[in-house]
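In: Here's my sequence, what's the structure:
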Amino acid sequence: MQRFPRTKFPTNLCAMPQTLPQPTLPTQARGTERFPSRVTKTSSGRVFGLDVLRAGAILSVLVAHDFNVLWPYLPWWVGFCGHGGYYGVELFFVLSGFLIGTILIRTDAELRQPSRVITFYLRRWFRTLPLFFLFVLLNLWLELSVRHHLPPWSEIWRHALFLRNLTGLHMTFFGESWSLAIEEWFYLLFPIVLFVGLRLTRNFNRVLLAAALAFFLFSNIGRMVIASASYATWTEWERKTVLLRFDGLMLGVFAAWIALRYPKIWSNRVWIPTVLGLALVAVIYTSLFTVSDQDLAWGPDTYFARTTRFTLVSLGFALLLPAASSWKLDRENFLSGLVRRIALWSYALYLVHIPIITVVQHYFTTAKSFGHGVALFVLAFGGSIAISALLYRYFESRCTHLRDAVAPAVGRAIANRVG
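Out: Residues are numbered from 1 along each chain as shown. Predicted structure coming up:
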C-alpha cells in the first residue's frame, strides 16, 4: 500500500429556485462582456452558477498543490484534500464540454460551412493559445534557471503542439499541460467530425449525438483495453493520455444538448440531479483513499480506478450543471465579485501556480516550522492569485477581445480562398 510521505505532499494529482422556465447557458451577454477586463458591481453577462463551479475547480487544484509546503505540519486527516486537484481538473473537463457543446449546438447545421468551423477554431485559439505559449516560454526558463537543463528542440515543439500525451504519457517539462492537451484535441477533433458528418446528412442532432457517443465509447473502451497493462496506472497513464479522456468532455456535450433541446426538463426540479451528483462525487471520492490506524494512503490502483471511476466522477459533476446553469444573480456583491474574479482568472491560475510553487520551493527552501510553512503557503497562493490577475487583465482578456474582430473576418477569408 502506497503511503503518504511525511515530508512532501503528492503533487501529481493536478494538473464551473427549484423550477425555472429556461436555463441560462453560456452565451454573449446582453450588453455586457463575458470576458471583461475588470469585474465591476454591475450585473455580469456570465452565468454565476457556472462561475461558482469554475472557481471551486481551480481553488481545489491550488489548495491541493500549495498544501505541499505545509503537509509535514498538518494532521493526517488533512490529506483528504490531496485529491482535490484531481476533482478540480475533472470538473473543468465537464465544464469545457458543456461550454463548447453549447456553442456548437447553437451553431447547428451551419457547421457544414467551412467558414463557421474555421471561425470556431480561431476563436478558441485566441482564447487559449496565447497564454499557453507564454507559459511554454516561462517553463523553459524555469527548466534552465532552476533545473539547469534545457529540453531538446524536438521535445519543445512536441509540447507546444500538444503531442507528448496524445497516445501515451511522455511529458518532460511543463507537466501540468497534460490537461490542456486533452481539451485542445477535443476543440480540434470534435468540430471537424461534426463538419464531415453534416456533409453527409443535414440532421444535426443525429450527427452530434453519434459523434459524442463515438468519442465517449472510444475513450471508455480504450481504458478498458489497456487497463491490465502494468504501466497503465490510473494516476498517470490512464488519467493523462488524450485519447483515453474524451468521455468526461462528452458528458458535458450531452448535458448541453439536453439543456438546449429540452429546456423544460433541464430546468425542472434541479435539486434532484444536484443531490444525486453531490452524492455520487462524494461516494467516489472515498474510493481514492484507504485509512489504517490513522494513516492515510492512496486507494488501490484497481481495474475500476483505471476505467469506470473516471466516467462516474464526470457524471457526478455533469449532474450539477442544471442547477449551476440556472443560478443567476439580480445584484452583484463583494462575494459574487470575488467568485467571478477567480473564475475569470482560472485559466491563468492553472498555468501559473506550479511555476510559483517551483520558485518558492527553490528560492525559499522547504518549511522549517509550521509558521514558516504558513508563510510559504500564503506566498505561493497569494502570488498565484496576484500574477494571474495581472495576466488576465493585461494579456489574456486583450487576446480574447481581439478574437471578436479578427476571427470572423479571417474565417471568411480562409473559407473563400479554400472554397
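In: Please tell me how far the nearest residue to residue 260 once chain neighbours are set aside sits from residue 267.
Out: Sequence neighbours aside, residue 105 is the residue nearest to residue 260 in space, at 5.2 Å (criterion: CB to CB, 6 or more residues apart in numbering). Backbone N, C-alpha and C define where each C-beta goes, glycine included. Using CB to CB, to the nearest Å, we find residue 105 at a distance of 16 Å from residue 267.
In: And residue 94, by the same measure?
Out: From residue 94 to residue 267 the distance is 19 Å (CB to CB).
In: do residue 189 as well
Out: 31 Å.
In: neighbour-wise, which of the two wins?
Out: Neighbours per residue (other CB atoms under 10 Å) separate residue 189 from residue 267, with residue 267 holding more: 21 against 15.
In: Could you list every helix and strand in contact with the helix or strand where residue 99 lies?
Out: In this assignment (DSSP states H and E), residue 99 forms part of helix 84-107. With contacts defined as 3 or more CB pairs under 8 Å, 6 or more residues apart in numbering; DSSP states H and E, helix 84-107 has these neighbours: helix 48-66, helix 114-145, helix 178-200, helix 204-226, helix 246-261, helix 308-318, helix 321-326.
In: Please name the residues that touch the spatially closest residue to residue 207 that is not a sequence neighbour.
Out: Leaving aside its chain neighbours, residue 207 sits nearest to residue 197 (3.7 Å; criterion: CB to CB, 6+ apart). Counting by CB atoms under 8 Å, 6 or more residues apart in numbering, residue 197 touches 207, 210-211.
In: need those in TSV with neighbour count and distance to residue 131, can you?
Out: What follows is the contacts of residue 197, written out as TSV (neighbours: other CB atoms under 10 Å; distance: CB to CB, whole Å):
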residue	neighbour count	distance to residue 131
207	22	32
210	15	34
211	21	28
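In: so which of these would you say is closest to residue 99?
Out: Of all these, residue 99 sits closest to residue 211, with 16.9 Å by CB to CB.
In: Am I right that the closest one is in contact with residue 193?
Out: Yes - contact status for residue 211 versus residue 193: in contact at 4.7 Å, counting by CB atoms under 8 Å.
In: Low-confidence ranges, the chain, go.
Out: 1-35, 37-44, 293-294, 415, 418-419 (pLDDT under 70).
In: Identify the residue nearest the geometric centre of it.
Out: Nearest to the mean C-alpha position of the chain, by CA atoms, centre = their mean, lies residue 92 at 2.9 Å.
In: Tell me how far that one lies from residue 190.
Out: Taking CB to CB, one finds residue 92 at 16 Å from residue 190.
In: does residue 228 count as helix, strand or coil?
Out: Here residue 228 is coil, with the state taken from DSSP: H, G, I helix; E, B strand; the rest coil.
In: can you check the one 10 residues further on too?
Out: Going by three-state DSSP, the secondary structure assigned to residue 238 is helix.
In: Next one: it from residue 276, what distance?
Out: For residue 238, the distance to residue 276 - CB to CB - is 25 Å.
In: Of the two, which one has the most company?
Out: The neighbour count for residue 238 versus residue 276, taken as other CB under 10 Å, is higher for residue 238 (24 against 14).
In: what about residue 194, how many residues close to it?
Out: Residue 194 has 24 neighbours, counted by other CB under 10 Å.
In: Is residue 260 in contact with residue 103, as I believe?
Out: No - using CB under 8 Å, residue 260 makes no contact with residue 103, being 10.7 Å away.
In: you'd agree residue 358 is up against residue 141?
Out: No - at 10.9 Å, residue 358 and residue 141 do not qualify as touching, with contact defined as CB under 8 Å.
In: of these two, who's got more company?
Out: Shown here are residue 358 and residue 141; by other CB under 10 Å, residue 358 has more neighbours (16 against 12).
In: And the more buried one, which helix or strand is it part of?
Out: helix 346-364.
In: Between helix 48-66 and that helix, find me the angle.
Out: 20 degrees (axes from the mean of the first three to the mean of the last three CA atoms, to 10 degrees).
In: Contacts for helix 346-364, please.
Out: 11, 14-16, 54-55, 57-58, 61-62, 65-66, 68-69, 92, 128, 131-132, 135, 138-139, 142, 146, 175-176, 179, 342, 376, 379-380, 383-385, 387-389, 391-392, 396.
In: Can you select the buried ones from those residues in PyMOL?
Out: Of the contacts of helix 346-364, the buried ones go into a single PyMOL selection, burial set by 16 or more other CB atoms under 10 Å:
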select buried, resi 11+14+15+16+54+55+57+58+61+62+65+66+68+69+92+128+131+132+135+139+142+175+176+179+342+376+379+380+383+384+385+387+388+389+391+392+396
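In: just to revisit the earlier point, contact partners for the residue nearest to the centre of the chain?
Out: So residue 92 contacts 16, 54, 57-58, 179, 183, 346, 350 (CB under 8 Å, 6+ apart).
In: with those in mind, which one is nearest to residue 110?
Out: The closest of these to residue 110 turns out to be residue 183 (CB to CB; 23.2 Å).
In: The closest one and residue 93 touch, don't they?
Out: Yes - taking contacts as CB under 8 Å, residue 183 lies within contact range of residue 93: 7.3 Å.
In: Overlap of the contact sets of these two?
Out: residue 249.
In: neighbour count winner among those two?
Out: More neighbours surround residue 93 than the other of residue 183 and residue 93, with 26 against 20 (other CB under 10 Å).
In: Quick check, the more buried one in contact with residue 252.
Out: Yes - between residue 93 and residue 252 there is a contact under CB under 8 Å: 7.1 Å.
In: Now the common contact residues for the two.
Out: Common neighbours of residue 93 and residue 252 (CB under 8 Å, 6+ apart) are residue 314.
In: sorry, back to before: could you list every residue that touches the residue nearest to residue 260?
Out: 204, 208, 256-257, 260-261.
In: repeat that for 6 Å
Out: 256-257, 260 (CB atoms under 6 Å, 6 or more residues apart in numbering).
In: Look up how far residue 211 lies from it.
Out: Where residue 211 is concerned, residue 105 sits at a distance of 12 Å (CB to CB).
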